[in-house]
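**Q** Give me coordinates for this.
(chains A and B)
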Amino acid sequence: MKSSHFFRILHMTILSFMFVSFKIYALENTDERVKNLTLELRCMTCQNQSIYDSDAEFSNDIKKIVKQKLLEGKSERDIKIFLVDRYGEYILFRPLMNYNNIFLWSFPFILLIFGLFFVLIKIKTKKV
Amino acid sequence: MNKIVILTPLIILLVICIFSLTYLLSGKDPNKPPSALLNKDVPIFESSSLYNSKEIIRTIDIKNKKTLINFFASWCSPCKIEHPLFFEISEKYPELYLLGFNHKDPTSQAKKYLEDDGNPYDFVGVDADGLIALEFGVFGLPETYLINENGKIVFKFMGPITTDVLKNEIEPLL
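**A** You can find the predicted model right below:
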């Protein structure tokens, strides 16, 4: 009887310990995710500062919203879209990969093709 | 002939770069990025009156009427500069619905501000936690939005509106 009581307490202690550990891990993980995400967001009221680095009221509001949305289970992309819908893409340091930004993302490759073409012609003319 | 062939891609590239830079930088002020909500539906909101917490205003209440929404606060100095203009607007355009959102302000201070400087608004909604401002993409006070009869945001202005802004940008839309 005593032994069963002991195991019950042990069982409860282990479960409580696991619960607290998971909770701490989840909160730390959320804080880390908030940090990573807000480092990619521009503080609209500051000069070249990320939301994470800024203490402006606007930045603090965004940090709170980001944390709230992450705790609600929203993905980072969902949160970015939520913010872009309200503040525009200017809030992102790295523009979204979409139809509007196709030129922006493809330009380095266009540049590379031009460069290769230029080098090939140069080599060809030298050989001749 | 060979030189022309070699230089052609470079010239094309240079033209593309100049064209892109001119397009990207023309008339754009990085301090005043365009509103993402321009020509979009007014965000869904619900706010209680500053004077009577039981009186609520919702998005549906401004349907089918031209509305000028102004985010202000008693602690915002530029708001004081533009404040008298709202009396002018209210007098000149009585059919225009003036909706003020008091942003992150203690109620007593907001009331005192409107008592001292006057209240030009048809309705003063409370935005204590700043969530309505967030829905509108506000990031600095004051900010003013003009909503047309179809519920679309047709104009947004960051900072205090001036007589010139009123005359050249708002009035043509009224």
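**Q** Can you mark which positions in stretch A:117-128 are buried?
**A** Neighbour-count burial for stretch A:117-128 flags A:F118, A:I121 (criterion: 16 or more other C-beta atoms under 10 Å in any protein chain shown). Using the backbone N, CA and C atoms, a C-beta is placed for each residue, glycine as well.
**Q** export that stretch as PDB, just CAs?
**A** Listed next in PDB are the C-alpha coordinates belonging to stretch A:117-128 (Å, rounded to 0.1, in the frame of the first residue of the first chain):
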ATOM      1  CA  PHE A 117      28.000  35.800 -72.400                       C
ATOM      2  CA  PHE A 118      30.600  38.700 -72.200                       C
ATOM      3  CA  VAL A 119      33.400  36.400 -71.100                       C
ATOM      4  CA  LEU A 120      32.600  33.800 -73.700                       C
ATOM      5  CA  ILE A 121      32.700  36.300 -76.500                       C
ATOM      6  CA  LYS A 122      35.900  37.700 -75.100                       C
ATOM      7  CA  ILE A 123      37.500  34.200 -75.100                       C
ATOM      8  CA  LYS A 124      36.200  33.500 -78.600                       C
ATOM      9  CA  THR A 125      37.600  36.700 -80.000                       C
ATOM     10  CA  LYS A 126      41.000  36.100 -78.300                       C
ATOM     11  CA  LYS A 127      41.200  32.600 -79.800                       C
ATOM     12  CA  VAL A 128      40.500  33.900 -83.300                       C
END
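**Q** Mean confidence (pLDDT) on that stretch, please.
**A** Confidence for stretch A:117-128, expressed as mean pLDDT, is 81.
**Q** how about it, does it get close to chain B?
**A** Yes - with C-beta under 8 Å from any C-beta of the partner chain as the threshold, stretch A:117-128 lies in contact with chain B, specifically through A:F117, A:F118, A:I121, A:K122, A:T125.
**Q** in terms of contact, does the second one touch B:I11 like I think?
**A** Right, A:F118. No - between A:F118 and B:I11 no contact is recorded; they are 11.4 Å apart, counting by C-beta atoms under 8 Å.
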